[in-house]
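[1] Sequence and predicted structure, then a few things I'm wondering about:
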Amino acid sequence: MYMNFEDQLKDFSSQVLFNANFGKLSPFKNIIISGMGGSGIAGSIFSELYDKAPVQVVSDYELPAYADRDTLFVGISYSGNTEETVSVTREAMKRKCQIRLVTSGGELSELGPETVLVPKGFQPRAALGYLIKPFLNSFITSDPKVYERISSMMSEMETDNSMEKATADKIYGKNSIPYVLGYPPFRWVAYRWKTQFNENSKLLAFSSYFPELDHNDAIPFKHTYGKDKFSFIVFGGSTGQIEKRVRFTSEITSTEFITVEPKGETILEKMFYLIHAGDYTSYHLGKLRKIDPEDVSVITELKEKLKS
């Protein structure tokens, strides 16, 4: 059944209850995840949470040379037809990697028996809960009570996203470009915000993270031309040296940060809160710009030309 984009966003609180996992796994020495765009971001966010084995996310056509029987390979494509992911998955099969797949169907679903099928009918970027939960259930925690708390928090935002609307109003009021600043373990969440602005708001956007940005970005924060054309968004809740870096960077460079405070007590709660806050902020910004968030005609046209 067709859902408009707002309904897809409201489904996120249900998605975090998705209980699929990768089943019984043989021992492995490393994890390679192949995925692009709104699908691949699930692997990137997971890679920042998991540190019991090396994790590499592949966002192109090439499987790393070290991939072999000791590699757990996960191919993730919402449509199941992403050519980069299908190509890398075929190579992983030739190398005898341990294979797991996450998709709603398509060519990818036909490549292996160990496939997690997710519901159809969503934009890939609006199906992040379904795409990331197999990773979290398999490697982080499968405790349903954890995800029930998160789901309840997501439901509150889906009912009242006025704070996210206010952030969008600030960006729109300045006619500005969003620049999102994260910190570990939310570096990839900041990148997710960037890509949501790209697709939902149809805007160029940028992301970076502390402490790395203090070794490069901080200099143009103070000296670049056109600084007033950016809205700098930083995630709150940092502590210790990171909190000092956020505060001192703002002071020294005379840069005003829009702070988005995460809710929740645990990393998972804060992570999901920040992800959904980015969903709604970019959605509201698109509405202010009279943009259709579902329009991906540029990408569709590009894919058609690549087939020719």
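    Structure received. Numbering: from 1, shown residues only.

[2] just the strands in the stretch 51-200 of the chain please.
    55-58, 71-77, 98-103, 115-117, 177-182 (DSSP state E, counting those that start in this stretch).

[3] export those strands to CSV and tack on mean pLDDT and distance to Asn19?
    In this view, the C-beta of every residue, glycine as well, is placed from N, C-alpha and C. Below are the strands of the stretch 51-200 of the chain laid out as CSV (pLDDT from 0 to 100; distance: least, CB to CB, whole Å):
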stretch, mean pLDDT, distance to Asn19
strand 55-58, 98, 22
strand 71-77, 98, 18
strand 98-103, 98, 14
strand 115-117, 97, 11
strand 177-182, 98, 28
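
[4] most tightly surrounded among these?
    Stretch with highest mean neighbour count among the strands of the stretch 51-200 of the chain: strand 71-77 (a mean of 28; mean count of other CB atoms under 10 Å).

[5] in the stretch 151-300 of the chain, which spans are helices?
    162-173, 187-200, 218-223, 240-253, 267-288, 297-307 (DSSP state H, counting those that start in this stretch).

[6] ok, and the closest non-adjacent residue to Ser152?
    Ser13 (7.7 Å; CB to CB, 6 or more residues apart in numbering).

[7] hmm, back to that, quick check: which of the helices of the stretch 151-300 of the chain is nearest to Phe18?
    The closest of the helices of the stretch 151-300 of the chain to Phe18 is helix 267-288. By CB to CB, the value is 12.6 Å.

[8] what residue ranges in the stretch 1-150 of the chain are flagged as low confidence?
    Scanning the stretch 1-150 of the chain for pLDDT under 70 picks out 1-2.

[9] can you give me the helices for it?
    5-10, 12-15, 37-49, 83-94, 128-139, 144-159.

[10] Redo the helices of the stretch 151-300 of the chain as a markdown table? Include mean pLDDT.
    Formatted as a markdown table, those follow (pLDDT from 0 to 100):
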| stretch | mean pLDDT |
| --- | --- |
| helix 162-173 | 98 |
| helix 187-200 | 98 |
| helix 218-223 | 97 |
| helix 240-253 | 98 |
| helix 267-288 | 98 |
| helix 297-307 | 87 |
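
[11] could you dump the ones you listed to TSV with distance to Val55 and mean neighbour count?
    As requested, these are arranged in TSV below (distance: least, CB to CB, whole Å; neighbours: other CB atoms under 10 Å):
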stretch	distance to Val55	mean neighbour count
helix 162-173	30	17
helix 187-200	11	24
helix 218-223	29	14
helix 240-253	22	14
helix 267-288	16	23
helix 297-307	27	9
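
[12] about what we covered before: so which of the strands of the stretch 51-200 of the chain is nearest Ile140?
    Here strand 55-58 is closest among the strands of the stretch 51-200 of the chain (CB to CB), at 12.3 Å.

[13] Is it correct that the residue nearest to Ser152 is in contact with Glu148?
    No - look at Ser13 against Glu148 with CB atoms under 8 Å: they stay out of range, at 10.2 Å.

[14] which one of these two has more residues nearby?
    Using other CB atoms under 10 Å, the more surrounded residue of Ser13 and Glu148 is Ser13, with 22 against 12.
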